[in-house]
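Undergrad: quick one: sequence plus predicted model below, questions after.
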Amino acid sequence: MSKKITPYKDSELNKKKQVEQMFDNISTNYDGLNRVISFGIDVKWRKKVVKLVADTQPDSVLDIATGTGDLAINMTKTGATRIVGLDLSEGMLSVGRKKISEKGLSDKIEMIQGDSEALPFEDDTFDAITVAFGVRNFEDLEKGLAEIHRVLKPGGIFVILETSVPTKFPYKQGYHFYSKNLLPIIGKLFSKDKVAYSYLSESAAAFPYGERLNNILRKIGFNNVEDKPQTMGVATIYTASK
């Protein structure tokens, strides 16, 4: 099991409420910061996720930890008739709804506030479920993954895009230097939340990536579990089915 990392170590709130508060705080700067922090490569990673989903020709898609809706918006390219974006943070959702409205997609994408560990959907509801940079924020990882398994239709696809840690020299050393020293500085320059981007780097390092996450997915009951490292291993795309 992964070590529990929380944003605000002196807070009396549980991890779930702390994560919600943190993302509310950084919601207006989140999109720009993502581009800066990842050097824009996160756009390429999301396109790969969209293709994986589109290849299954889904009718319904759920994007968990949707944030400001980038992946949910891209999911319109899959041809799905129902796309739902779910997130704990109302601040992030508000930014997302504005983007969706400006793109004329309000009739295609529904953005709702909800808890990934208590999804407000019936069993076997969605043909595809995605989570981009969100599973490491689950308070109880296995509970959240079990909920995803529950609402995914039999034969449906589950895709995770998450940060990971490179294992080969010199990428491993470069990643640790960047995440420990530069990422928090960038976050402080652009965000009013002084600890958010320190938390993001700490939680990424503590998260059970690669085969460890594969094994957790199999334990939950997912089949055909695979991981595909991206960009020298700084991120990984995981695919699974039910």
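TA: Received the coordinates, thanks.
Undergrad: in this protein, which strand has the most residues?
TA: strand 152-163 (DSSP state E).
Undergrad: go through the helix or strand that that strand is followed by and flag the buried ones.
TA: Of the helices and strands lying after strand 152-163 in sequence (DSSP states H and E), the nearest is helix 171-177. Buried residues in helix 171-177, counting neighbours by 16 or more other CB atoms under 10 Å, are found at Tyr175. C-betas here are computed from N, CA, C, even on glycine.
Undergrad: may I have the strands that pair with the longest strand of the chain, each with its orientation?
TA: Strand 152-163 has the following strand partners under DSSP bridges: strand 126-132 (parallel), strand 235-241 (antiparallel).
Undergrad: buried residues, the first one. List them.
TA: Using 16+ other CB under 10 Å as the burial criterion, the residues of strand 126-132 that qualify are 126-132.
Undergrad: and those residues as CSV, adding pLDDT?
TA: As requested, the buried residues of strand 126-132 are exported to CSV (pLDDT from 0 to 100):
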residue, pLDDT
Phe126, 98
Asp127, 98
Ala128, 98
Ile129, 99
Thr130, 98
Val131, 98
Ala132, 96
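Undergrad: what's the local residue count around Arg97?
TA: 18 (other CB atoms under 10 Å).
Undergrad: so who does it touch?
TA: Arg97 makes contact with 69, 106, 111, according to CB atoms under 8 Å, 6 or more residues apart in numbering.
Undergrad: Leu52 versus the first one, what's the distance?
TA: Distance from Gly69 to Leu52, counting by CB to CB, to the nearest Å: 19 Å.
Undergrad: now do the last one
TA: When distances are taken as CB to CB, Met111 and Leu52 turn out to be 22 Å apart.
Undergrad: tell me which of these two has more neighbours.
TA: Per other CB under 10 Å, whichever of Met111 and Leu52 has more neighbours is Met111, with 24 against 18.
Undergrad: wait, a strand at the more buried one?
TA: Yes - assessed with DSSP: H, G, I helix; E, B strand; the rest coil, Met111 lies in a strand.
Undergrad: for it, give me its contacts.
TA: Contacts of Met111 (CB under 8 Å, 6+ apart): 66, 69, 72, 84-87, 93, 96-97, 100.
Undergrad: beta-bridge partners for it, please?
TA: With DSSP bridges as the rule, Met111 is bridged to Gly85.
Undergrad: pretty sure Asp24 sits in a helix.
TA: Yes - checked against three-state DSSP, Asp24 lies within a helix.
Undergrad: my guess is it contacts Met92. True?
TA: Yes - the criterion here is CB atoms under 8 Å, and Asp24 meets it with Met92 at 7.3 Å.
Undergrad: compare these two (neighbour count), which wins?
TA: Met92 (26 against 17).
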